[in-house]
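*Asks:* quick one, fold the following:
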Amino acid sequence: MGNGDELVRACNAPVLLVEDDLDLGAAMEELLLEAGFPIRVVRSVPDAERLLQTTAFSIVLIDYPLGSPEHSRMQASVLLDAASEVPVACLTAWDGIPPEVSTRFVFTLLKPFRPEELLAQVGKFAAVQVPDVARASVIARYFEALGAHDWTTVAALCSERVRYHLPGTEVLSRTIEGREAFRAHAAEVFKSFPEARFDVTTVSWLPYGAVASYDGVGACRTARSA
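*Replies:* Prediction:
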């Protein structure tokens, strides 16, 4: 692969996370995606090995341990060998990882750690998704249509597989998947906001869309669309 770090930066390769806990894997994926880092999540080292044979990655994150101490040591060694020039980092609550493994990690974060710590470390090896003019135009049109209650245009600007996450109160917080479900949800929810307005504050770019933070209808929301 030549100069590994520079090559994976140039191709904006995704992060690979090895995490056997479904809930934790989903939370980590959400964190990295919303920060603008493309990511793939697998549940085992063999799955990671297969991906590493065919896909370029900027960094591999492994949540240690993966089973018993001896099994975890063996699996970590296998992953480090399979990654070759791709840097591998460790996320763990253990303080007794064998040195023949721990010294090969580019960094180790001890749990509990702050999200900002992980993002700062990942950012040394992975590149945030770069925005483009065409996508920025779509995002602008999206919020214009949302503010005008033009649900047809809102839905048309989204892909068929749109995933819309609206954090907030118990009443509003939910995740909607699919264009038609999103269109119906948007039309229903915003009936109660006759003077809706949306001022975009930040946009983070995802492999398939964007996360936009905005001030609107008296609160801050986050919308992810494609």
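*Asks:* which ones are touching the spatially closest residue to Val18 that is not a sequence neighbour?
*Replies:* Closest residue to Val18 apart from its sequence neighbours, by C-beta to C-beta, 6 or more residues apart in numbering: Ile62 at 4.5 Å. C-beta coordinates here come from the backbone N, C-alpha and C atoms, glycine included. Residues near Ile62 by C-beta atoms under 8 Å, 6 or more residues apart in numbering: 18, 45, 76, 79, 88-91.
*Asks:* among those, which ones are in strands?
*Replies:* 18, 88-91 (DSSP state E).
*Asks:* quick one: which of these is nearest Phe107?
*Replies:* Ala89 (4.9 Å; C-beta to C-beta).
*Asks:* ok, for that closest one, nearest residue in space, not its chain neighbours?
*Replies:* Phe107 (4.9 Å).
*Asks:* what separation do you get for the one you found and Gln75?
*Replies:* 19 Å (C-beta to C-beta, to the nearest Å).
*Asks:* more crowded one of these two?
*Replies:* Gln75 (21 against 17; other C-beta atoms under 10 Å).
*Asks:* how about the contacts made by the nearest residue to the more buried one once chain neighbours are set aside?
*Replies:* The shortest distance from Gln75 to any residue other than its chain neighbours is 4.5 Å, reached at Val45 (C-beta to C-beta, 6+ apart). Val45 makes contacts with 18, 62, 66, 75-76, 78-79, 82, as judged by C-beta under 8 Å, 6+ apart.
*Asks:* swap the cut-off to 6 Å and go again
*Replies:* 75, 78-79 (C-beta atoms under 6 Å, 6 or more residues apart in numbering).
*Asks:* what would those look like in CSV with pLDDT?
*Replies:* Formatted as CSV, these follow (pLDDT from 0 to 100):
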residue, pLDDT
Gln75, 92
Val78, 95
Leu79, 94
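*Asks:* can you redo these as JSON lines with distance to Phe57?
*Replies:* Listed next are the contacts of Val45 as JSON lines, based on distance: C-beta to C-beta, whole Å:
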{"residue": "Gln75", "distance to Phe57": "17"}
{"residue": "Val78", "distance to Phe57": "16"}
{"residue": "Leu79", "distance to Phe57": "12"}
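*Asks:* and which of those is nearest to Glu34?
*Replies:* The closest of the contacts of Val45, once distances to Glu34 are taken by C-beta to C-beta, is Leu79, at 25.7 Å.
*Asks:* before we move on, the earlier item: closest one to Phe113 out of the contacts of Ile62, please.
*Replies:* Using C-beta to C-beta, the contacts of Ile62 come closest to Phe113 at Leu91, 7.7 Å.
*Asks:* ok so, going back, put together a markdown table for the contacts of Ile62, with distance to Glu177 on each row.
*Replies:* A markdown table is the format used below for these (distance: C-beta to C-beta, whole Å):
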| residue | distance to Glu177 |
| --- | --- |
| Val18 | 25 |
| Val45 | 30 |
| Ala76 | 35 |
| Leu79 | 32 |
| Val88 | 32 |
| Ala89 | 31 |
| Cys90 | 33 |
| Leu91 | 28 |
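*Asks:* tell me what the strand or helix carrying Ser137 is packed against?
*Replies:* Element membership of Ser137 [criterion: DSSP states H and E] is helix 133-147. For helix 133-147, the elements it packs on are helix 151-156, strand 198-206, judged by 3 or more C-beta pairs under 6 Å, 6 or more residues apart in numbering; DSSP states H and E.
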